[in-house]
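Peer 1: dropping the sequence and predicted coords here.
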Amino acid sequence: MHSMVLFVVVSFPLNVESVFASNETRSVQVEIDTKVSINRVDDTFIGFTIDAGNLNPDNIHWWRKLNFSSPKLLTLVSEFSPTVLRFGGLEADWLMYNRAANVVSSLNMTRKATVMTWADMKKLVLLARATGNRLVFGLNIQTRYVKQWNPTNAIELLEFCSQMGYCKDIDWELGNEPENFDDPDRNQAKISPDQIGEDFLMLNKLLSNYDNCRHSAIYGPDIGSSTSAEGGKILASVANMAGNVLKALTFHHYYIDKTGASTEDYLNASYFSNLESAIDSAKERISSTKHPDIPLWLGETGDVNGASTANMSGRYISGFLWLDKLGLSAAKGLKAVVRQTLIGGQSALIDEDIKPNPDYWLSWLHKKLVGSRVFAVRLNGVTAVPTTRVYAHCTRTEGSSYQPGAVTAFALNADRTVTSMLKFNGPLGNQEIDFYLIEADGPDKLLSKWVKLNGVRLVVSDDNTMPRLRSSRLSPGSSVRLPPLTMAYLVFPNARIQQCSVVASLLSNSSSVILSWSLHPSNFLFIFVCSWCTYAP
């Protein structure tokens, strides 16, 4: 079982003026509305994918040599517990489980399958289990009868998982980007939106046949685009027909839909806003269904669709899009964001030598410092399509030295030449700030695979030791200097915001606490009834 590690924030004074060279500046007024939270994200907010394409014969050599029980890999992945490790993607709809590839003709598939062995499945489950996470496994929806899903091979997988006691570690998906099944390059069977909904109901019925699988969650339908007509139809149909059996509806998003993206593409502020329209479209699609309030996840996401960009995906430059995606997704009401990929490929958070890439460190800082409650932020002094972006949450206090009531803001400056001077107004305007500045490290700068936190390169010193989280303490009322092409986290440790208090956290979780009151002759009596409390008579 994964154990919680207490991280201690080490603060030291910082003369900001002496650290950065002077340049053109822009004053940005930041107003954070801490009176009410606009969303509460899941504890599993940042999840990761492991692409099923790694089992393709062209990639299998890497998969076979990867040590899934590597102490260093387990340490890196455990840092995000609890979260989800999603195994899926395009190749998931060509997978056969522990079956010879030549049997596919009997299952009405349209091309040669990729084989996944029980040993492969065991690797995934044990990785999730050893790191305190859950595996979300994408089942093959392309095994068909004439019309409906043929679950014959999926049943064999469920039987195996049930017998091995794996179901308690697994949740399930069915199909990947189904609106693209009629793409000639994919050679897949087209499935109607309503039939996909029916297939999810069949999956739920199958899971109910196994005592240790019946409580597994189901996610879907993993449409490739919420803004496409066909993707929107599928999202709405699945919400209508199977919304009552799904834990969340999932859609995918990539900023750039082309190969050979440039550095200018990665810093183009107009790309930041296309995520907002994708989220708005997904919300609109389900607003008139039977289940308009079902949670929405970005079930797979990254920077460039398809193949990523060599020497840019997974480098420092990709962090601007990633950090903004984390902030905007939470601010727009999404519950979780699943990054493509954890390991393997250009955009991986961990490279094939089990070394963290820059986006790993951004995600790590986010997990350590950012809590679940989200606040609205308004900026004054920025352009219509701003290169300076700021978001705010309650501070994550579990396993840290920060106390309830603290607030964490995070910001990015994607401008090449202009420094942003952030001035916080309102209740945070006269507070001390723990400042965490993220910069590229090394001569490659934007294309670097290394990052600095307050001037110190982030590295894993050995297989089991993560770096210490060191902040710089800014005096009360300070303007925060955010140089060009940098990112930062800012914690207001003594903010004492009621929405971030212990009581607010308890009351917002209806599954763990019930508040009742009665009129007492002398006062109001408030009674907290906790599901995790014990009573001894």
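Peer 2: The structure has been received and is ready for your questions. Numbering: from 1, shown residues only.
Peer 1: which SS class is Ala411?
Peer 2: The three-state assignment at Ala411 reads strand, by DSSP: H, G, I helix; E, B strand; the rest coil.
Peer 1: that one: neighbouring residues, count only.
Peer 2: 25 (other CB atoms under 10 Å). Every C-beta, even on glycine, is put in place using the N, C-alpha and C of the backbone.
Peer 1: ok, it - contacts?
Peer 2: Ala411 makes contact with Thr388, Arg389, Val390, Tyr391, Ser420, Leu422, Val480, Leu482, Met487, Ala488, Leu490, according to CB atoms under 8 Å, 6 or more residues apart in numbering.
Peer 1: Pro82 now?
Peer 2: Neighbours of Pro82 in contact, by CB under 8 Å, 6+ apart: Asp43, Thr44, Gly132, Asn133, Arg134.
Peer 1: with these in mind, which one is nearest to Val245?
Peer 2: Arg134 (17.6 Å; CB to CB).
Peer 1: how many neighbours does that closest one have?
Peer 2: Arg134, neighbours per other CB under 10 Å, totals 23.
Peer 1: name the nearest residue to Ser277, sequence neighbours excluded.
Peer 2: Thr227 (6.6 Å; CB to CB, 6 or more residues apart in numbering).
Peer 1: check which residues of stretch 340-352 are buried.
Peer 2: Within stretch 340-352, the residues that count as buried by 16 or more other CB atoms under 10 Å are Gln340, Thr341, Leu342, Ile343, Gly344, Gly345, Gln346, Ser347, Ala348, Leu349, Ile350, Asp351.
Peer 1: revised request: answer the last question for stretch 416-424.
Peer 2: Result for stretch 416-424 [16+ other CB under 10 Å]: buried residues Val418, Thr419, Ser420, Met421, Leu422, Lys423, Phe424.
Peer 1: strands along the stretch 251-400 of the chain, start to end?
Peer 2: Per DSSP state E, counting those that start in this stretch, the stretch 251-400 of the chain carries strands over the ranges 296-304, 336-339, 370-380, 388-395.
Peer 1: out of these, nearest to Ile234?
Peer 2: Across the strands of the stretch 251-400 of the chain, Ile234 has its closest neighbour in strand 296-304 (12.9 Å, CB to CB).
Peer 1: mind putting the contacts of Ala411 into TSV with distance to Glu432 and pLDDT?
Peer 2: Conversion of these to TSV gives the following (distance: CB to CB, whole Å; pLDDT from 0 to 100):
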residue	distance to Glu432	pLDDT
Thr388	22	97
Arg389	23	97
Val390	18	98
Tyr391	20	98
Ser420	20	97
Leu422	15	98
Val480	12	98
Leu482	18	98
Met487	21	98
Ala488	15	98
Leu490	10	98
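Peer 1: counting neighbours, which of those comes out on top?
Peer 2: That'd be Ser420 among the contacts of Ala411, by other CB under 10 Å, with 30 neighbours.
Peer 1: just to be sure, that one is in a helix?
Peer 2: No: read with three-state DSSP, Ser420 is strand and lies in no helix.
Peer 1: how near is it to Ser262?
Peer 2: According to CB to CB, to the nearest Å, Ser420 and Ser262 sit 23 Å apart.
Peer 1: before we move on, what about Tyr166?
Peer 2: As judged by CB to CB, Tyr166 and Ser262 stand 44 Å apart.
Peer 1: these two: who's more crowded?
Peer 2: Ranked by neighbour count (other CB under 10 Å), Tyr166 and Ser262 place Tyr166 first, with 23 against 12.
Peer 1: leaving out the residues flanking it, which one is nearest to the more buried one?
Peer 2: Val125 (4.7 Å).
Peer 1: who's in contact with the closest residue to Leu203 other than its chain neighbours?
Peer 2: In this structure, Leu203 finds its nearest non-sequential neighbour in Leu174, 5.3 Å apart by CB to CB, 6+ apart. If you count contacts by CB under 8 Å, 6+ apart, Leu174 has them with Gly138, Leu139, Ile141, Trp149, Asp199, Phe200, Leu203, Ile218, Gly220, Pro221.
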